[in-house]
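Trainee: How does the following fold in three dimensions:
(one chain, ligands or ions: 1)
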Amino acid sequence: MLEFQNVSYQYPSEDFDIIDHLSFAVEPGSFHCIIGISGCGKSTIFRMTNGLLKPKAGTILVEGKSIVGRKHYCGYMPQKDLLFPWRTVGENVALPLEIQGELTRAERRDRAEAALADVGLAGCGSKMPDELSGGMRQRAAFARTMLTGCDLLLLDEPFSALDFLTRISMQEWLLDQWQRHKRTILFITHDVEEALFLSSSVLVVERTPIRELAEIPVPASFPRDRSCLKLPEMVELKEHLIDLLRKQVTP
Ligand SMILES: Nc1ncnc2c1ncn2[C@@H]1O[C@H](COP(=O)(O)OP(=O)(O)OP(=O)(O)O)[C@@H](O)[C@H]1O
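Mentor: Got it, this is the predicted structure:
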């Protein structure tokens, strides 16, 4: 679904490649979390994948084809929901359809309403974003990402601003969405437990510059519930991942 082949990137103001000949591949329908310490370059990988940053070298393929010159090949959901406050929730959710320009206004509204119903927000299309709770806003933002129609979804710390209980229910909700829609999800998080609960395997950034992502399979099957986090092998892996990350943080 996604493949990096020897990809490098250097920010113009820096004198080194933060991404240095990175290669990795992601299978269709998988759910991978990327974990790594703050500032290691995780979001840079997303910004190159969605075309916001152009690699200095190497090739990025989505569904076997280079992303150069392409549009609408991945959906991107940032940490903040970025719903436009002056548009209704429905108009926000319909934005990808508006950009694609293929449907009438009435068709867009119907598709947005269906997408909102699918994420548990039936009837919320005419509300304004500030009338929704944090979790509801993130679900609306996810509905908007789904309406891009892309099979590859990049979710950059989407739940990090939510309180603990909302966050764990959103994780359960997202796994359910993933299992129903069979999209490929890459999800950046700082939270090792969140990564273990969601991922088929975790991609770990062990050092910067990023030359590789260490792929660590998660020893729990799907469908999952939170009790899997208590399995001895999951507890052991959690400690191992925390150790890996802590080694990179200088006190
Ligand atoms: N526009 C920029 N110009 C120069 N350096 C940048 C720019 N954007 C990011 N960086 C630097 O590149 C590094 C990687 O940034 P990136 O946002 O990819 O990290 P991250 O792992 O996603 O961090 P976090 O987990 O804190 O969001 C950081 O050190 C950051 O300061």
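
Trainee: Just confirm Leu53 contacts Tyr9, I think it does.
Mentor: Yes: with contact defined as Cβ atoms under 8 Å, Leu53 reaches Tyr9; the gap is 6.2 Å. Any C-beta I mention is one placed from the backbone N, CA and C, and that applies to glycine too.

Trainee: Residues in contact with both of these two, list them for me.
Mentor: Common neighbours of Leu53 and Tyr9 (criterion: Cβ atoms under 8 Å, 6 or more residues apart in numbering): Thr44.

Trainee: more crowded one of the two?
Mentor: Between Leu53 and Tyr9, counted using other Cβ atoms under 10 Å, the more crowded position is Tyr9 (23 against 16).

Trainee: what's the nearest residue to that one if we skip its chain neighbours?
Mentor: Nearest residue to Tyr9, sequence neighbours excluded (Cβ to Cβ, 6 or more residues apart in numbering): Ile19, at 4.2 Å.

Trainee: Also Leu97?
Mentor: Per Cβ to Cβ, 6+ apart, closest to Leu97 is Arg108, 4.6 Å.

Trainee: so what pLDDT did Leu103 get?
Mentor: If you check Leu103, the pLDDT there is 86.

Trainee: wait, doesn't Thr88 sit right on Glu131?
Mentor: No: counting by Cβ under 8 Å, Thr88 stays clear of Glu131, with 9.6 Å between them.

Trainee: Who has more neighbours out of these two?
Mentor: Thr88 (19 against 12).

Trainee: residues touching the more buried one, list them.
Mentor: Gly125, Ser126, Lys127, Met128.

Trainee: Please verify my assumption that the last one contacts Gly90.
Mentor: No: taking Cβ under 8 Å as the definition, Met128 is not a contact partner of Gly90, at 10.4 Å.

Trainee: Verify the assumption that Val7 is located in a strand.
Mentor: Yes: Val7: assigned to a strand according to DSSP: H, G, I helix; E, B strand; the rest coil.

Trainee: chain center to the helix or strand encompassing Thr166, what's the gap?
Mentor: Following DSSP states H and E, the helix or strand that holds Thr166 is helix 164-181. How far helix 164-181 lies from its chain's middle: 13 Å, per Cα atoms, centre = their mean, to the nearest Å.

Trainee: got the buried residues for that helix?
Mentor: Across helix 164-181, burial judged by 16 or more other Cβ atoms under 10 Å covers Thr166, Arg167, Ile168, Met170, Gln171, Trp173, Leu174, Leu175, Gln177, Trp178.

Trainee: if I read this right, the second one contacts Phe159, doesn't it?
Mentor: Yes: here Arg167 reaches Phe159: they are 4.7 Å apart, a contact under Cβ under 8 Å.

Trainee: Between these two, which contacts overlap?
Mentor: Glu194.

Trainee: Could I get the contacting residues of Gly120?
Mentor: Contacts of Gly120 by Cβ under 8 Å, 6+ apart are Arg139, Trp173.

Trainee: do the same with the one 10 residues further on
Mentor: Listed by Cβ under 8 Å, 6+ apart, the contact set of Asp130 reads Pro85.
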